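Asker: Got a predicted structure plus its sequence, pasted below:
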Amino acid sequence: MAPHMHVPSSRSTAGRLSTHTTTENTEKALDVFTGGGDSDVNVRVQSDIQIHPVDIARFVQVGFDEQVNSFATRSGFQPAVIQDIYKNVSSYKDTQKVVKAMRIAAMESAKVEIQQLRSKMREKTRENSDSDSDKDLYERPGKAKTEPKEEENE
């Protein structure tokens, strides 16, 4: 199981935010555990890490890219499509609404196309069945093919 953060209820003492005081600064830590059965592993993670201003844009882009890729996977559309929609709306929530509408429209269109294809297949099957029954009138297994004779007027 992947590591995850555990934040228990305020009544529990296990896993609460704990404060460690040092001579130089005060740091906050969260208990993080892997939930691996009998041998759970607890790891201390600093929760008050200061991101350097120069790195903020990069981390925002990485987070945005992860959101887009995850959403693209869930919705069935390519990440580039999600990004193009996002560029043309005012929020990520609006992007989600548009993509949901697109997915519904795509599924409805697919249903119509599938019904049309099935109808065509049934029609071809019927035509083949009709032409097979016509052949039966003129062909008998093991015998030469005979065609209906036209009367000759001499």
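Answerer: That came in fine, so what should we check first? Numbering: from 1, shown residues only.

Asker: Just the strands from the chain, written as ranges.
Answerer: All strands of the chain, identified by DSSP state E, fall at 4-5, 18-21, 26-33, 42-46.

Asker: low pLDDT regions in the protein?
Answerer: Filtered on pLDDT under 70, the chain yields the residue ranges 1-47, 132-154.

Asker: now do 90
Answerer: Applying pLDDT under 90 to the chain flags residues 1-51, 124-154.

Asker: How many neighbouring residues does residue 118 have?
Answerer: Summarising burial for residue 118: neighbours were counted as other CB atoms under 10 Å, giving 10. For glycine as for every other residue, the C-beta is placed from the backbone atoms N, C-alpha and C.

Asker: State the distance from it to residue 125.
Answerer: Distance of residue 118 to residue 125, computed by CB to CB, to the nearest Å: 10 Å.

Asker: residue contacts, residue 51?
Answerer: residue 59 (CB atoms under 8 Å, 6 or more residues apart in numbering).

Asker: now for the longest helix seen in the chain, which elements pack on it?
Answerer: Counting residues, the longest helix in the chain under DSSP state H turns out to be helix 92-138. Other helices and strands packing on helix 92-138, by 3 or more CB pairs under 8 Å, 6 or more residues apart in numbering; DSSP states H and E, are helix 53-75, helix 79-87.
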